[in-house]
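> Predicted structure and sequence below. I'll ask about it afterward.
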Amino acid sequence: MDKGRNTVSDYETGKVLRMNLYLQFALRYFKGGKKSSFSSNAIAMAVFGLAIGVFSLILTMSIIKGFEEVLANKISNIDGQIRIKTIFGKPIDESDRLDSILLDSNLKIEVKPFVRGMLIARRGKNTEGLLVEGIESFSNPSLLNLKDSFITDDNIIIGSSLSDNLKLYISDILVVAPLNGYTGELIDLKYSKYQVGGIFKSGMEEYDKNLAYVSLNSAQNLFGMEGKVSGYIVNSDEEIKYLVEKISKHVKYPYYVETWKDRHRIIFDWVNTQKIPIIIIFSLIALVGIANIMSTISLMINEKQLQVGLLISQGLQNSQIRKIFLLQSGLIGFAGSLLGSLAAWSFIYIQNNYKVIALPEKVYFMDSLPVTFDYISSITVIVFSFFISIIAGLFPTKSMFNNGVIRLLAQR
């Protein structure tokens with residue numbers, strides 16, 4: 001029994017020693033000798049080429065993810081995760097106690113009523129149309145660059161673009177009038193005065209120019225909706241799909257559930273449409289680096305043919321020689337992908353902290369290039385590059401022993 005155990009132990013020990021031998025040879029070839037050779041330069045170029053491809057691929061995926069996250073955070077913060085309204089847009093009577101029904105559902109949610117309507121805003125000779133929303137409080141005012149969560153009844157919160165257009169600043173007076181259902185002359189409108197209590201900046205031009213906030217009571221008075229609301233905003237830390245499924249059991253006709261993704265489906269459909277071809281294009285750049293590895297291994301085999309022949313003459317099998325070069329190609333792939341990942345992480349860190357690349361808000365809904373480093377994707381790219389590099393090394397090593405010089409040295 002002990003003899004059998006010793007045999008297994010000796011086998012495992014020999015396996016480890018052989019692997020160490022392969023790794024020593026691979027690292028020796030990878031580092032190169034004291035004198036610079038063509039193959040050592042080729043290794044450096046193969047690592048650099050793969051690093052560029054991996055850098056481009058990871059950066060592209062990070063930019064796409066950054067766009068999605070920034071848009072999701074901004075839109076969900078402004079619109080709320082879920083809105084409950086009536087199918088025909090009719091006001092909901094607060095006596096229906098729809099909010100109480102939702103809160104009694106044992107879901108971990110926050111339910112807030114809102115009133116939405118159109119206003120005409122006037123400042124001197126300048127006039128702008130506004131979409132005004134009456135709310136009780138902001139769920140996360142810091143994302144809109146606001147200090148306070150609550151709005152007083154005589155204040156209005158406007159966007160930064162509207163502030164620039166009308167030259168409005170904190171404590172200035174803005175004259176407004178409701179437009180909902182009005183078909184008469186503008187001079188006959190019922191005007192009200194509000195003091196600018198805050199200026200928000202979402203980074204999305206359409207919101208910053210056309211949206212304003214007032215208190216819920218003010219909105220109800222403006223639009224003649226005393227005791228009524230336009231709908232309810234539902235926020236939660238739960239996943240949206242789970243929330244929609246659970247809330248739909250409590251919300252029946254004529255009410256319906258609408259998520260922020262439903263309201264802005266066109267934007268995210270556009271992002272998803274661009275995602276696949278962009279990733280494919282930059283994956284091809286990484287594949288060019290893989291092709292360079294194949295060429296590099298072929299050059300190494302030709303340059304090291306004397307050493308290969310000597311190793312064979314010393315008793316190493318063809319499969320063992322092949323493992324050395326396969327491990328060599330794997331090291332090149334790992335070094336290139338790791339270098340590319342570190343370069344991508346460094347770029348993302350600099351961009352997120354210093355906003356090196358700016359974007360026009362009117363076009364991209366944000367003022368700087370958003371990037372989010374995805375650790376899972378990066379690890380996947382490194383592992384995938386490593387295995388693809390090994391596979392790339394199979395082709396040149398497969399025909400390695402057809403070399404006449406190697407065969408002749410092996411026979412001596």
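Structure's in. What do you need?

> buried ones in stretch 222-232?
By 16 or more other C-beta atoms under 10 Å, the buried positions in stretch 222-232 come out as 222-223, 225, 228-232. (Each C-beta comes from the backbone N, C-alpha and C, glycine too.)

> Then stretch 351-358?
Neighbour-count burial for stretch 351-358 [16+ other C-beta under 10 Å]: 351-352.

> Now do it, average pLDDT.
The average pLDDT for stretch 351-358 rounds to 92.

> Start and end of it, how far apart?
Start and end residues of stretch 351-358 are separated by 9 Å (C-alpha to C-alpha, to the nearest Å).

> Pull out the buried positions in the host helix or strand of A286.
Assigned by DSSP states H and E, A286 falls within helix 265-303. Neighbour-count burial for helix 265-303, counted by 16+ other C-beta under 10 Å, picks out 268, 275, 282, 285-286, 289-290, 292-294, 296-303.

> which strands and helices sit next to that helix?
helix 38-79, helix 318-354, helix 375-398 (3 or more C-beta pairs under 8 Å, 6 or more residues apart in numbering; DSSP states H and E).

> Which of those sits closest to M366?
Each of the helices and strands packed on helix 265-303 has some distance to M366 by C-beta to C-beta; the shortest is helix 38-79, at 5.6 Å.

> Direction-wise, compare that closest one with helix 265-303 and give the angle.
Calculated by axes from the mean of the first three to the mean of the last three C-alpha atoms, to 10 degrees, helix 38-79 forms an angle of 170 degrees with helix 265-303.

> for helix 38-79, the distance to its chain's centre please.
Distance, stretch centre to chain centre, for helix 38-79: 11 Å (C-alpha atoms, centre = their mean, to the nearest Å).

> Same question for stretch 296-309.
On C-alpha atoms, centre = their mean, the centre of stretch 296-309 falls 44 Å from the chain's centre.

> Now do the same contact list for S295.
S295 makes contact with 42, 46, according to C-beta atoms under 8 Å, 6 or more residues apart in numbering.

> per-residue pLDDT, it?
For S295, the predicted pLDDT is 85.

> Buried residues of stretch 377-393, list them for me.
For stretch 377-393, a neighbour-count test (16+ other C-beta under 10 Å) marks 378, 381-382, 384-386, 388-393 as buried.

> Against K209, how distant is L166?
10 Å (C-beta to C-beta, to the nearest Å).

> Got the domain ranges for the protein?
Following automatic domain parsing, the chain resolves into domains at 18-72+267-411, 91-253.

> Let me know which of those domains is the nearest to I82.
Among those, domain 91-253 comes nearest to I82, with 4.1 Å by C-beta to C-beta.

> pLDDT of that closest one, averaged?
The model assigns domain 91-253 a mean pLDDT of 88.

> one step back: in JSON lines, list the buried residues of stretch 222-232 along with distance to Q81 and secondary structure.
What follows is the buried residues of stretch 222-232, written out as JSON lines (distance: C-beta to C-beta, whole Å; DSSP: H, G, I helix; E, B strand; the rest coil):
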{"residue": "L222", "distance to Q81": "26", "secondary structure": "helix"}
{"residue": "F223", "distance to Q81": "25", "secondary structure": "coil"}
{"residue": "M225", "distance to Q81": "24", "secondary structure": "coil"}
{"residue": "K228", "distance to Q81": "23", "secondary structure": "strand"}
{"residue": "V229", "distance to Q81": "18", "secondary structure": "strand"}
{"residue": "S230", "distance to Q81": "17", "secondary structure": "coil"}
{"residue": "G231", "distance to Q81": "13", "secondary structure": "strand"}
{"residue": "Y232", "distance to Q81": "12", "secondary structure": "strand"}
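
> want to throw those into JSON lines with distance to F200?
Formatted as JSON lines, the buried residues of stretch 222-232 follow (distance: C-beta to C-beta, whole Å):
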{"residue": "L222", "distance to F200": "19"}
{"residue": "F223", "distance to F200": "21"}
{"residue": "M225", "distance to F200": "23"}
{"residue": "K228", "distance to F200": "26"}
{"residue": "V229", "distance to F200": "22"}
{"residue": "S230", "distance to F200": "20"}
{"residue": "G231", "distance to F200": "21"}
{"residue": "Y232", "distance to F200": "22"}
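
> The residue most central in space within the chain and L143, how far apart?
Nearest to the centroid of the C-alpha atoms of the chain, with distances taken as C-alpha atoms, centre = their mean, sits K65, at 1.4 Å. K65 sits 19 Å away from L143, going by C-beta to C-beta.

> which among the buried residues of stretch 222-232 gets closest to S100?
Nearest to S100 among the buried residues of stretch 222-232, counting by C-beta to C-beta, is Y232 at 10.6 Å.

> can you map out the strands along the stretch 51-200 of the chain?
Here the stretch 51-200 of the chain has its strands, by DSSP state E, counting those that start in this stretch, at 82-86, 92-93, 110-123, 126-135, 155-159, 173-178, 192-200.

> Pick the most deeply packed of those.
Of these, the one with the most neighbours on average (mean count of other C-beta atoms under 10 Å) is strand 155-159, at a mean of 24.

> ok, and what's touching that one?
Counting by C-beta under 8 Å, 6+ apart, 132, 146, 151, 168, 174, 176, 194-202, 207-215 sit against strand 155-159.

> Same question for stretch 340-355.
By C-beta under 8 Å, 6+ apart, stretch 340-355 touches 50-59, 62, 356-357, 367-369, 371-373, 378, 381-382.

> Could you export stretch 200-210 as PDB, CA atoms only?
Extracted in PDB, the C-alpha atoms of stretch 200-210 (Å, rounded to 0.1, in the frame of the first residue of the first chain):
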ATOM      1  CA  PHE A 200     -30.300  71.900 -11.000                       C
ATOM      2  CA  LYS A 201     -27.900  70.400 -13.500                       C
ATOM      3  CA  SER A 202     -28.600  66.900 -14.700                       C
ATOM      4  CA  GLY A 203     -26.100  67.000 -17.600                       C
ATOM      5  CA  MET A 204     -28.900  66.300 -20.000                       C
ATOM      6  CA  GLU A 205     -29.700  69.300 -22.100                       C
ATOM      7  CA  GLU A 206     -33.400  68.400 -22.700                       C
ATOM      8  CA  TYR A 207     -34.100  68.200 -19.000                       C
ATOM      9  CA  ASP A 208     -31.900  71.200 -18.000                       C
ATOM     10  CA  LYS A 209     -33.700  73.400 -20.600                       C
ATOM     11  CA  ASN A 210     -37.300  72.300 -20.500                       C
END
